[in-house]
Structure formats: C-alpha cells, structure tokens
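# would you be able to build a 3D model of this:
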Amino acid sequence: MRVLIIGAAGFVGRYLINYLRDEMRAFVTATRLPREALEIPDIRILDLNILQPQALCETLQAVRPDCIFHLAAQSSVALSWEKPALTADINIKGTLNLLEAVRQLNYRPRLLLIGSGEEYGRLKPEEIPVSEDTVLRPGNIYAATKACQNMLGKIYADAYQLDILLIRAFNHIGPGQAPAFVVSDFCRQAARIERGLQEPVLRVGNLSSRRDFTDVRDVVRAYALLAVHGKSGETYNVGSGHAVSIRQILDCICSLSRAEIEVRTDEKRMRPADIPVIEADISKLQQDTGWQPVIPLPSTIEEVLQYWRDYLGNGGESV
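Numbers count the residues shown, from 1 in each chain. Model prediction:
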C-alpha cells in the first residue's frame, strides 16, 4: 500500500510514519514545510505547502497514493485565539485545496481528514460521552475551523463520491509533543524545576476542565485501522472514552516529580472561553475496527516527563 502523509513533521506524523512502515509494511511518502526538519530512514520526504494548490496536485500525481492522511493543521487552541486568520487559512483553505486536488485525480484514493473532539464544543450533561451525530457547537476558533473541515469533507464525499473518512481525534499525548499542549507543558516545567532552571513554581491555567486523553501511539494505531476498515463518508471519534480533569493530570505529574513544586495560576494561561467537559463515545470506532486503547494514562505522563528530563539533560532548552 502506498501512503502519503501530509503534514508529517508534527508530533503525530513521526509516530504514524513509524507505525505504518513497521507494522503495516506500507510504502510511506511524507510531506513537510520547507522550513521543517524531518528526516527518517527509508522514508521519502517531500516539501509541500498545502496553501499552494498546484504543488498539491503535482505531489498527488507524482506519488499516486492509495491512502492519504491529512495531518497538516494549525492545531493549537491557544494559538488560534492569537492568530485566527492563519488558523483559518491552514485548516480550511488548505483542506479545500487538498479536496480539490483529490477530486481532479483520475482514480480514488482513500483520504482521512483528521479533525478534533474540540468540534463538539460545550456539551450538555446528557450528551456526554459525545457521539458522532451530536450537534456541533464549537467554542473556539480552532474548533470552528475543524468543524468546517469535517463539513467540507462530507460534502465532497457525497457530491463527488470520494473515499473520505472523517476523524475527530480527542487529546493525544506522548513523548516529543510541543510544550504548547498542556501535558507536555506541565512536564517540561516540572523537569526544569528539578534541574534548577526555573523557580519551584509550576504555572497553570484552568485546572477544572476535563478532557479525553489518549497516548499518541494508540491514536495512530486507530488511524491505521480506520484506513483499512473505516466506512467511507463516516465520521469517527478517536479517544479513550474517559475524561479526566487537568487537575488530575497535574497531580500525577507532581507525584512523579523529584522536586517540591508550588502550583500557581497564571492569568495569561487562561483562555477567553473554555469547554468544561469533552469526552468521546468510541463505540462506533470499536465496532468497525475492534480498536481499544492499551497504554495507561499515568504511563504516558511518566514517559513525557522523562522525555523532558532527557531533553534538558542533553543540553536542550527552550523549544
């Protein structure tokens, strides 16, 4: 199977490449922005900007993939508040460029559009855990762009009979994730405190929000299974099926820390709006693929903390 991963230089891309190559024996081609670093043995790497439609068409014609994973996105909720136009350009215009490029091909590859559990927005108590047919009420700019991506994908699947799967991925975490995301941020701060690189104060935002966290290695396994077994035109939740509070995440990190840590709320880390609870109903995914998450959350958190200890110990600093 020939696979193209668009936007592979990010956190998820490297894990997906490794899984598809090592476990699925796929022939993988991956794209990155010209400024991004991505070098993986035995993997063909191409430069690509999804905001350039002609380049997208040329890439698809050159690679002729059987399956495409669309990972390219501005994926930070916090950054979407700061740079809404950039977020819309990448997440909406970029996706539309890809859909048009696929439509113009003389064959029909399978396309997986990776969205977000943030699309559901503020859920009513009776809607938790949230199923794929729940009304979307996106509560931030990032979520709105991903909801639009999902709708565009469904329109193209129905109107042009394209083989498109739509995924709403909930929070995924693991070693190597950028500190713009909460678990990696907290672990990085804890590791810096242990090494005396910052005062023994861990700065936090809203700790009451509850989110559905899954290890990234379980997530990419779900993507691979959906690529084989998912039903065209359908939307699938990918998550653990269990929400935990950010406070619980913080408590786990503090319990693993080798230093005494004071927790202090930082108003700069508070978002203009925050969704209280996001939790996935993953029964549809499980029914169609047999997938189950297997890596416990505390194990993942410990690995993320150790990643930052090693990173700082090897001379790495601010990312």
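# okay, CA-based contacts and neighbour counts for the rest of this
Will do.
# end-to-end on stretch 164-184?
32 Å (Cα to Cα, to the nearest Å).
# residues of it that come out buried?
164-179, 181-184 (16 or more other Cα atoms under 10 Å).
# and the helices in the stretch 201-319 of the chain, which stretches?
216-229, 246-256, 283-289, 297-313 (DSSP state H, counting those that start in this stretch).
# let me know the angle separating the last one from helix 246-256.
Looking back up the chat, that one is helix 297-313. Our comparison of helix 297-313 with helix 246-256, counting by axes from the mean of the first three to the mean of the last three Cα atoms, to 10 degrees, yields an angle of 60 degrees.
# show me what helix 297-313 is packed against.
If contacts are counted by 3 or more Cα pairs under 8 Å, 6 or more residues apart in numbering; DSSP states H and E, helix 297-313 sits against helix 182-194, strand 214-215, helix 246-256.
# taking the buried residues of stretch 164-184 one by one, which sit in helices?
182, 183, 184 (DSSP state H).
# what about the residue lying closest to residue 97 once chain neighbours are set aside, distance to residue 202?
The shortest distance from residue 97 to any non-neighbouring residue, by Cα to Cα, 6 or more residues apart in numbering, is to residue 53 (5.4 Å). Distance of residue 53 to residue 202, computed by Cα to Cα: 44 Å.
# which of those two has more neighbours?
Between residue 53 and residue 202, counting by other Cα atoms under 10 Å, residue 202 is the more crowded of the two (22 against 18).
# is that one bridged to anything, and to what?
Note on residue 202: beta-bridge partners by DSSP bridges are residue 263.
# okay, now the unreliable bits of the stretch 51-200 of the chain?
Of all residues in the stretch 51-200 of the chain, none has pLDDT under 70.
# dump the helices and strands packed on helix 297-313 to a markdown table, plus distance to residue 270.
Shown next, in a markdown table, are the helices and strands packed on helix 297-313 (distance: least, Cα to Cα, whole Å):
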| stretch | distance to residue 270 |
| --- | --- |
| helix 182-194 | 12 |
| strand 214-215 | 23 |
| helix 246-256 | 13 |
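# right, so of these, which gets closest to residue 1?
Nearest to residue 1 among those is strand 214-215; the distance by Cα to Cα comes to 25.4 Å.
# assign a three-state SS to residue 111, would you?
Using DSSP: H, G, I helix; E, B strand; the rest coil, the secondary structure recorded for residue 111 is strand.
# ok, it touching residue 71?
No - if you go by Cα atoms under 8 Å, residue 111 and residue 71 don't touch, sitting 10.9 Å apart.
# among the helices of the stretch 201-319 of the chain, which is nearest residue 189?
helix 297-313 (8.8 Å).
# just to check, residue 279 is in contact with residue 245?
No - using Cα under 8 Å as the test, residue 279 is too far from residue 245 to be in contact (10.9 Å).
# bridging residues for residue 3?
Beta-bridge partners, per DSSP bridges, of residue 3: residue 28, residue 67.
# roughly how far does it sit from residue 218?
In this structure, residue 3 and residue 218 are 19 Å apart, going by Cα to Cα.
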